[in-house]
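Enquirer: Kindly generate the corresponding structure for this input.
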Amino acid sequence: GLDHVLVTLTADHGFPNSPEFFRDSLHFETGRIDPEKMLADLNAALGKKFGDAKYAIMWLNPTISLDPTVISAKGLKHEDVENAAAEFLQEYPGIHTVFTRSQLLSGSLPPTRFGLLATRSWHRQLGGDLFVIQKQGWYLYNESDEYCTTHGSPWSYDTHVPLILMGTNWIKPGEYGQAVEIVDLAPTLSTILGVRFPTGAEGRVLHEILRQDR
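Expert: Residues are numbered from 1 along each chain as shown. Sure thing, here's the model as predicted:
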């Protein structure tokens, strides 16, 4: 029966209101960023600084990829182009923060929540050269009729999700206000089951929710 069942409920992400709702109903300063226009504007800015060329070649949310062949042919340092691109994008409408490949590779991101989430989200072989984070309420798609809303930002409306556990023999009833991560679920379940943590597990055991008399 249910005395021998453990139930967990969570989600991999939340989602924001549409920018139009943020703007019209909540009076936020928000909008939609057209990635193709952003790339074109970035290439124009880099062209003025380093000479005309197509430096930024691809947008794949949340990163922009630069063309290493073009950068090498012009005798430029990749890091210099990254930094110039990041400097331009930091002032772009709707952009909050930009991290570069060099920062991500060297582990020199600022010791902030956003820095940690970017590190977890970026892959050195598959990720781009510029990790872009939009401002709160802004949206990195231009077509409102195609995409009303989405997910993937580090803001609380995307990262705050339910984490519920139920099991008479293991879970202590209550509501807990401590900050937890979804990655805490795997080590907690491993502890309950009496098995090793999964390889690469990053979370902690949620001891505060476990019955001590089990």
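Enquirer: Return the per-residue confidence for residue 145.
Expert: pLDDT, residue 145: 64.
Enquirer: if I look at residue 28, how far off is residue 96?
Expert: Distance of residue 28 to residue 96, given as C-beta to C-beta, to the nearest Å: 13 Å. Every C-beta, even on glycine, is put in place using the N, C-alpha and C of the backbone.
Enquirer: Point out the other helices and strands that the helix or strand where residue 71 lies packs with.
Expert: Assigned by DSSP states H and E, residue 71 belongs to helix 68-73. In terms of contacts (3 or more C-beta pairs under 8 Å, 6 or more residues apart in numbering; DSSP states H and E), helix 68-73 is packed against helix 78-90.
Enquirer: tell me how far stretch 204-214 is from the chain's mean position?
Expert: Here the centre of stretch 204-214 is set off from its chain's centre by 29 Å, with C-alpha atoms, centre = their mean, to the nearest Å.
Enquirer: typed the wrong thing, it's stretch 46-57
Expert: That offset, for stretch 46-57, works out to 27 Å (C-alpha atoms, centre = their mean).
Enquirer: How about stretch 56-73?
Expert: So, by C-alpha atoms, centre = their mean, the centroid of stretch 56-73 is 19 Å from its chain's centroid.
Enquirer: I'd like to check what contacts it. Which residues are they?
Expert: Identification of contacts with stretch 56-73 by C-beta atoms under 8 Å, 6 or more residues apart in numbering yields 35-36, 38-39, 42-43, 46, 53-55, 77-78, 81-82, 85, 89, 121-122, 127-133, 140, 152-153.
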